[in-house]
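# here is my input, please return the structure:
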Amino acid sequence: MTTSAVNDRRIGLFAAWGRYPVVVAEALVAQGYEVYCLGVKGHAEEAALRPFCKAFQWNGLARYSSCLRFWRKHGVTQATMAGKIHKTILYRPLVFLHNVPDVRAFTMFFRNFWLTDGDRRDDTLLGTVVREFAKDGVEFAPATDFAPELLVKFGQLSRRAPTALERKDIEFGWNLAKEMGRLDIGQSVVVKGRNALAVEAIEGTDACIRRAGELCRAGKFTVVKVAKPQQDMRFDVPTIGLGTLEQIVAAGGSCLAVEAGKTIIIDEPAVRAFADRHGIALVAYSAAEQAGASEAA
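From the prediction side, this is the model:
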């Protein structure tokens, strides 16, 4: 077997927070890949990931060079990323004393953190990372290329369908969420009576849902989560799981709508069963369908 053929079965996994990286690692191993995992400190679930990894190494967010050395050492030329990065850590006091950037990372993000002419949006920061790795011979691919079954399919996922009022809120929230995504602010909105209760920013979907519950004590609100119009499927893909539904129930919500073919659903059977037990309407619509509904209105 040639060296290139061996390398084709080696893949780097950049693993952040949540169960998603574990599911991806398991899928990669099932397909015969050797997984060389970089776990983001304070995010990745080491104990759950290690059984699926040929090698595992912890890495800080701002330690680009050590990431590259690890993958080069193991002959990795293709990689994927999975899991959420908690961007709130970027705004903690003395953040760079706890996350000291190496020279390469400092150069890469100098404009974003030390000058005033760069931004810190997800697409900007993560896009910079994948482009830099490509320069060094490591190409990133979407994790869903290796686990396409994780992308939610079109249709009603729960026994209960959305009510007429919830459908109107989905339509309203869909357009709002798409605009927020276009601006690369967030992917989720919470709506009731065609009024925005909460909009996701860097705090994440769960915190957005909790805030909506605090503001709308009457409950019965709708959560809409969609992909950005310019969504790069290599990173920051909208993801839901059992935790998402648990937050909705705890906050008093009644409906969750996501974008079919562009949203990852983790442990779908458990998610469906939980929605049914708690009377949550769970649906996956297409962008074209929602565009048509808006035009009809």
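# now do the strands in this protein.
Counting by DSSP state E, the chain has strands at residues 10-15, 34-40, 55-59, 78-82, 139-140, 155-156, 188-191, 196-199, 222-225, 239-240, 255-259, 264-265, 281-285.
# now do the buried residues in stretch 36-48.
Within stretch 36-48, the residues scored as buried using 16 or more other C-beta atoms under 10 Å are Y36, C37, L38, G39, V40, H43, A44, E45. Any C-beta I mention is one placed from the backbone N, CA and C, and that applies to glycine too.
# next one: stretch 165-179
Neighbour-count burial for stretch 165-179, with 16+ other C-beta under 10 Å as criterion, is recorded at 166-178.
# ok, back up a step: got the strands of the chain as a markdown table, with distance to I89 and mean pLDDT columns?
Below are the strands of the chain laid out as a markdown table (distance: least, C-beta to C-beta, whole Å; pLDDT from 0 to 100):
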| stretch | distance to I89 | mean pLDDT |
| --- | --- | --- |
| strand 10-15 | 16 | 98 |
| strand 34-40 | 10 | 97 |
| strand 55-59 | 14 | 96 |
| strand 78-82 | 17 | 98 |
| strand 139-140 | 22 | 98 |
| strand 155-156 | 37 | 96 |
| strand 188-191 | 20 | 98 |
| strand 196-199 | 21 | 98 |
| strand 222-225 | 23 | 98 |
| strand 239-240 | 19 | 97 |
| strand 255-259 | 27 | 98 |
| strand 264-265 | 23 | 98 |
| strand 281-285 | 31 | 97 |
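# turn these into a markdown table, including distance to D102.
Listed next are the strands of the chain as a markdown table, based on distance: least, C-beta to C-beta, whole Å:
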| stretch | distance to D102 |
| --- | --- |
| strand 10-15 | 16 |
| strand 34-40 | 14 |
| strand 55-59 | 11 |
| strand 78-82 | 18 |
| strand 139-140 | 20 |
| strand 155-156 | 47 |
| strand 188-191 | 33 |
| strand 196-199 | 35 |
| strand 222-225 | 35 |
| strand 239-240 | 29 |
| strand 255-259 | 37 |
| strand 264-265 | 31 |
| strand 281-285 | 41 |
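# and this protein, what are its domains?
Following automatic domain parsing, one finds the domains of the chain at 3-145, 151-296.
# out of those, which one sits most buried?
Ranked by mean neighbour count, the domains of the chain are led by domain 151-296 with a mean of 19 (mean count of other C-beta atoms under 10 Å).
# let me see the contact set for the nearest residue to F52 once chain neighbours are set aside.
Distances taken as C-beta to C-beta, 6 or more residues apart in numbering place A25 nearest to F52, at 3.9 Å, with adjacent residues excluded. Taking C-beta atoms under 8 Å, 6 or more residues apart in numbering, we find A25 in contact with L13, A15, V35, C37, L49, F52, C53.
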